[in-house]
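*Asks:* Show me how the following folds:
(2 chains)
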Amino acid sequence: MTVTAAGTRLVDLFESGLDAPICLTWELTYACNLACSHCLSSSGRRDPRELSTAEAKAVIDELEAMQVFYVNIGGGEPTVRADFWELLDYATAHHVGVKFSTNGVRITPEAARRLAANDYVDVQISLDGATADVNDAVRGPGSYATAIKAMEHLSAAGMRNFKLSVVCTRHNIPQLDEFKALADHYGAQLRLTRLRPSGRGADVWDELHPTAGQQRELYDWLLAHGDKVLTGDSFFHLSAYGESLPGLNLCGAGRVVCLIDPVGDVYACPFAIHDEFLAGNVRAPGGFTEVWRGSELFARLRTPQHGGACASCAFYDTCKGGCMAAKFFTGLPLDGPDPECVQGYGEQQLAQRAKDGTDLPKPSGDHSRRRPVDLVLTRRRDLERSPVSDCAEDPLAGLRLT
Amino acid sequence: MTAPTLDRALGLHPQVSVRPEPFGALLYHFGTRRLTFLKDRRLLAVVESLADAPTARAACLAAGVPEVELPRYDRALAALAESSMLVGRTP
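*Replies:* Residues are numbered from 1 along each chain as shown, chains lettered A, B, ... in the order given. This is a model prediction of the structure:
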């Protein structure tokens, strides 16, 4: 979000939480046509318990009553839900703005015209390489072409300032200027976000997260571009280099943001899909409102956080210890440094972890598409002969004497 | 703009949503996608009554803003107009 205010720091008002989130992330489905190697929600297969259209509309009604300004809709690939457009129209008609993330698969010329005509909708096209080779290595073959086609359609439909959304990795940090040029070409705004070790991201984080040198490069680049480039406020750990980046330098988990997943589970933040950060479910009595206002987990997150091992660091006030999810999924203590701490304290901590990975949390959910499993059909051992047929007339049919 | 903001007739931009909060209010502009906040409840009362007042000054006085505090409110309203949260209207 972009925050414009002088004087009182908004960050201080937000630390103790708000009666309702400012925006929240809502993943509509775990189904996805892609299988990105770093997917933060381990998406692929649709979950049969997914919220129905009626249940989703009830959530929107609650968000309207709570005056949530907008929702960030994601997935999975949200547009593959048959009722996606219906829910989009329902939300905007009920004063809940929608910003949705898509890989572009359903952004046809017709869909693009529909989106361009709605002032309360914003679109984020995900692309993780400014060239097909860099992008497709992470997001899969053909995904670059799909995203480019979607941007062409949006641009042709007159949609301005949609977002080109990039997760920064070791391979695409050298392409920052190319991403900016690409966004400018389509009349889009560039949005850079941080790679989190969440979901399948945990498996590839070691190879994909930016090097220490690249973090500095990214920070300098962000400072040079100011608030023209969006970041979802996800790089506040970089503020410990000295100057604060534009936006809210605070972990908003449970305070100003949260996540509703496809089955209605509410987590503290979009990058924390794990039982440790599960606050409740929108299907329970009281719905989402009760989870937001009554969850013990959220109450705890809204109390003043202490720096723990970071308390004595001169930069604690600027970085606030970094990202909770990044720490958790790399097996670091939550009251210590961020794994990508720019002062280098995170790397020291990472080096001290057990070599066998026992410090890493076990994933508590996975919707990745499965590979085929070979099956051999056999007869149940407890059945010595065929089950009795309906036609067997023998009075002793099926009798087993042991 | 030359005249003080207080002498203008103002109103909320039609794409701005206002959410009262214990500390004041949050404002979100769906056009610029910017979020800002009002530091106190009295400023919220002023903003809410702008549309029915001939000038911003009249809205401030009706909300009980003391004369001595008017310059501060002038600056706050000017900042909101600058970021398109408030727009001028024909009185």
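
*Asks:* wait, what's in contact with residue 85?
*Replies:* Reading this off chain A. A:111, A:114 (Cβ atoms under 8 Å, 6 or more residues apart in numbering or on different chains). In this view, the C-beta of every residue, glycine as well, is placed from N, C-alpha and C.

*Asks:* The chain in question should be chain B.
*Replies:* The contact partners of residue B:85, taken as Cβ under 8 Å, 6+ apart, are B:12, B:13, B:16, B:27, B:29, B:34, B:36.

*Asks:* from the residues you listed, which two are the most distant?
*Replies:* Across the contacts of residue B:85, the longest distance by Cβ to Cβ is 13.8 Å; it joins B:12 and B:34.

*Asks:* all helices for chain B, in order.
*Replies:* Remark: helices assigned in chain B by DSSP state H are B:41-49, B:56-62, B:70-82.

*Asks:* Export the second one to CSV, keeping only CA atoms.
*Replies:* These are the backbone C-alpha positions of helix B:56-62, laid out as CSV (Å, rounded to 0.1, in the frame of the first residue of the first chain):
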residue,chain,number,x,y,z
ALA,B,56,-14.0,24.5,4.5
ARG,B,57,-13.8,27.2,7.1
ALA,B,58,-17.5,27.0,7.9
ALA,B,59,-17.2,23.2,8.2
CYS,B,60,-14.3,23.6,10.7
LEU,B,61,-16.2,26.1,12.8
ALA,B,62,-19.3,24.0,12.8
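
*Asks:* now what about it, what contacts it?
*Replies:* Where contact means Cβ under 8 Å, 6+ apart, the residues beyond helix B:56-62 that reach it are B:5-10, B:46, B:49-50, B:52-53, B:70, B:73-74, B:77.

*Asks:* Just the buried residues from these, in ChimeraX please.
*Replies:* Buried members of these can be picked out in ChimeraX with the line below, counting by 16 or more other Cβ atoms under 10 Å in any protein chain shown:
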select /B:5,6,8,9,10,46,50,53,70,73,74,77
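
*Asks:* Just the terminal-to-terminal distance for stretch B:79-90.
*Replies:* Using Cα to Cα, to the nearest Å, the gap from the first to the last residue of stretch B:79-90 comes to 20 Å.

*Asks:* likewise stretch A:194-206?
*Replies:* Counting by Cα to Cα, the terminal residues of stretch A:194-206 are separated by 14 Å.

*Asks:* can you pull the buried residues of it?
*Replies:* Residues of stretch A:194-206 classed as buried: A:194, A:195, A:196, A:197, A:198, A:199, A:200, A:201, A:202, A:204, A:205 (neighbour count, 16+ other Cβ under 10 Å).

*Asks:* So for that stretch, mean pLDDT?
*Replies:* The predicted model assigns stretch A:194-206 a mean pLDDT of 96.

*Asks:* Then stretch A:334-341?
*Replies:* Over the span of stretch A:334-341, the pLDDT mean works out to 95.

*Asks:* Next, the contact list for the closest residue to chain B within the stretch 251-400 of chain A, please.
*Replies:* Each residue of the stretch 251-400 of chain A has a distance to chain B, by Cβ to the nearest Cβ, and the smallest belongs to residue A:256, at 9.8 Å. Residues in contact with residue A:256, defined by Cβ under 8 Å, 6+ apart, are A:14, A:17, A:18, A:21, A:22, A:23, A:248.
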